[in-house]
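Peer 1: What follows is a predicted protein model with its sequence.
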Amino acid sequence: MFDVGIPEIGVILIVAVIVFGPDRLPEFARQAARMLHTLRTFARNAQSDLRSELGPEYKDLRLRDLDPRQVVRQHVLDAMQEIDDEEQRKAVAARGLKPGERPPYDTEAT
């Protein structure tokens, strides 16, 4: 997800030692671990609350459908499909009548 490799972790550790100092670094590491544990617990509790509130509908919930990029992409594709459909209708209307086909009668035109 973050694409952090060994060299990046090494640079982060060196910067942390320089900024916090070797004496305070273990304390900050403990605080970071506690914060990560708290965030994971919060996320787990939120997920279980969501499951209990939604019940069987939770299985139907797809979080990928809530992605803003996906929503915009789908909206654009729908608009493009509508334009294509309209162009096809215009093309059919421009072709004219088939042999033996009667023209449509518009009562308001006369």
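Peer 2: Here it is on my side, so go on. Numbers count the residues shown, from 1 in each chain.
Peer 1: for this structure, what spans make up the helices?
Peer 2: Ranges of helices within the chain are 6-54, 68-95, based on DSSP state H.
Peer 1: mean pLDDT for these: which is lowest?
Peer 2: Mean pLDDT is lowest for helix 68-95 among these, at a mean of 80.
Peer 1: before we move on, back to that, out of the helices of the chain, the one nearest Glu101 is which?
Peer 2: Among those, the nearest to Glu101 by C-beta to C-beta is helix 68-95 (10.9 Å). For glycine as for every other residue, the C-beta is placed from the backbone atoms N, C-alpha and C.
Peer 1: now the closest one, how far from the centre of its chain.
Peer 2: Distance, stretch centre to chain centre, for helix 68-95: 22 Å (C-alpha atoms, centre = their mean, to the nearest Å).
Peer 1: Check stretch 42-52 too.
Peer 2: 20 Å.
Peer 1: Contacts for that stretch next, please.
Peer 2: If you take C-beta atoms under 8 Å, 6 or more residues apart in numbering as the criterion, stretch 42-52 is touched by Tyr58.
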